[in-house]
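A.B. asks: here is my input, please return the structure:
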Amino acid sequence: MANTKSAEKAARQAEKHRARNVSLRSRMRTAVRGVTAAVAGGDKEVAQKSYGLAVPIIDSLVSKQIIHRNKAARHKSRLAARIRSMQ
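C.D. replies: The predicted structure follows:
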């Protein structure tokens, strides 16, 4: 339990931030899963469209410092490579 007013406020803010971050990370994972499903489905056109939707979501998490920029680059690179490898 927090001992001071400022610690209580910090705890309240941390809980709000955590809930928001969980939601945003979930959005990113859903977008990545959409690209992966499109690649598995074998439709390159759909995969490219879903990749185009996923990239801004990933980049927005970097700008909000929720994920590290290298992690974002790794996700984008691997997804793009999987799309390129499709026939």
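A.B. asks: quick one: the helices in the protein?
C.D. replies: 5-41, 44-63, 69-84 (DSSP state H).
A.B. asks: quick one: buried residues of the shortest one?
C.D. replies: Of the residues in helix 69-84, Ala72, His75, Lys76, Leu79, Arg82, Ile83 count as buried by neighbour count, 16 or more other CB atoms under 10 Å. Any C-beta I mention is one placed from the backbone N, CA and C, and that applies to glycine too.
A.B. asks: and for the longest one?
C.D. replies: The neighbour-count check on helix 5-41 (16+ other CB under 10 Å) flags Leu24, Met28, Ala31, Val32, Gly34, Val35, Thr36, Ala38, Val39 as buried.
A.B. asks: can you name the two of those that sit furthest apart?
C.D. replies: Leu24 and Val39 (23.3 Å; CB to CB).
A.B. asks: point out where this structure drops to low pLDDT.
C.D. replies: Scanning the chain for pLDDT under 70 picks out nothing.
A.B. asks: again, only using 80
C.D. replies: The chain contains residues with pLDDT under 80 at 1, 87.
A.B. asks: so which residue is smack in the middle of it?
C.D. replies: Nearest to the mean C-alpha position of the chain, by CA atoms, centre = their mean, lies Met28 at 2.7 Å.
A.B. asks: quick one, what contacts that residue?
C.D. replies: Contacts of Met28 were listed using CB atoms under 8 Å, 6 or more residues apart in numbering, and they are Ala54, Ile57, Ile58, Leu61, Ile67.
A.B. asks: how about a cut-off of 6 Å?
C.D. replies: By CB atoms under 6 Å, 6 or more residues apart in numbering, the contact list for Met28 reads Ile57, Ile58, Leu61.
A.B. asks: of these, closest to Lys5?
C.D. replies: Nearest to Lys5 among the contacts of Met28, counting by CB to CB, is Leu61 at 31.7 Å.
A.B. asks: that closest one touches Ile67, doesn't it?
C.D. replies: Yes: with contact defined as CB atoms under 6 Å, Leu61 counts as touching Ile67 (4.7 Å).
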